[in-house]
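Peer 1: Fold the stuff below for me.
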Amino acid sequence: MTAIPLHGRAIGAGPPVILLHPVGLDGGFWGGLPAALATARRVVSLDLAGHGASPAVLRPRPIEAYADDVALAIRELGAGPAALVGLSFGGMIAQMVAIRHPGLVSALVPCGCGGDFPDPVRPMLRERGLVAERGGMAAVVDGTIERWFTEPFRADPAVQRVRDRLLADDVAGWSAGWHAIAGLSATPHLPALTVPALVIAGERDVATPPAMSEATVARAIPGAAFQVLPGAPHMMQIEAEAAFTAAITGFLLGGVA
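Peer 2: As a prediction, the model looks like this:
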């Protein structure tokens, strides 16, 4: 499958950092993280295929194809290898980039994600895409917001911005993303990685509980650090922005990559 050129937003100068967003969002949902990293890095916030300003896609499109898109973007920067920061779907893709293109990755920060799923769970993940195919994005927004944010935070204006982004999404891109997620099986390959890694989980993440991130990602990557953000839900970059930004900048700007 041919890699797709991705749209990105770039700021700063220095060794590159690539930011990979959750399914349904785009590269504009990172809060203060890009600016914080840009004090010493060139930060590129990509729109994944089927999202934002990047080209549309249809299912089936395996998660390996999304990883190859990111590899193409790193090569086009001409300054690799790059540190990869990914959240949720983006964190799964980041793992696959490191597995498939190890020479392009200097450090890895998967957040709010696992590395594999039990087989009975995979049809449930595909169904999140199929529901939107049948009923439009309005059919999946409420359930998505409930998984992503804690109840007290859902009245925050930032959540309305997320809701608006989801409602405007291309259903085909959303469904392709969920079908790709359902096919993820990175954990068996993670022990081969040799890059510095920080795995971040949200204490109150109901979509990907910390135990899942620890068992299927952090323990599988040799030497990986594991950090749980107190009180943080799945969309930790929004609801726990300060702690999320501090954890990543502390890791990447502390001489790791």
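Peer 1: Where does pLDDT dip in this structure?
Peer 2: Across the chain, the ranges flagged by pLDDT under 70 are 255-257.
Peer 1: who are the neighbours in contact with the closest residue to Pro16 other than its chain neighbours?
Peer 2: Of all residues beyond its chain neighbours, the one nearest Pro16 is Ala82 (4.0 Å), with distances taken as Cβ to Cβ, 6 or more residues apart in numbering. (Each C-beta comes from the backbone N, C-alpha and C, glycine too.) If you count contacts by Cβ atoms under 8 Å, 6 or more residues apart in numbering, Ala82 has them with 15-18, 44, 74, 104-106.
Peer 1: Leu37 now?
Peer 2: Leu37 makes contacts with 12, 17, 43, 248-249, 252-253, as judged by Cβ under 8 Å, 6+ apart.
Peer 1: Gly103 contacts Ala71, doesn't it?
Peer 2: No. Taking Cβ atoms under 8 Å as the definition, Gly103 is not a contact partner of Ala71, at 9.6 Å.
Peer 1: Among the contacts of Leu37, name the buried ones.
Peer 2: 12, 17, 43, 248-249, 252-253 (16 or more other Cβ atoms under 10 Å).
Peer 1: mind putting these in a markdown table, secondary structure and distance to Gly173 included?
Peer 2: A markdown table is the format used below for those (DSSP: H, G, I helix; E, B strand; the rest coil; distance: Cβ to Cβ, whole Å):
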| residue | secondary structure | distance to Gly173 |
| --- | --- | --- |
| Gly12 | coil | 28 |
| Val17 | strand | 24 |
| Val43 | strand | 24 |
| Ile248 | helix | 26 |
| Thr249 | helix | 30 |
| Leu252 | helix | 29 |
| Leu253 | helix | 33 |
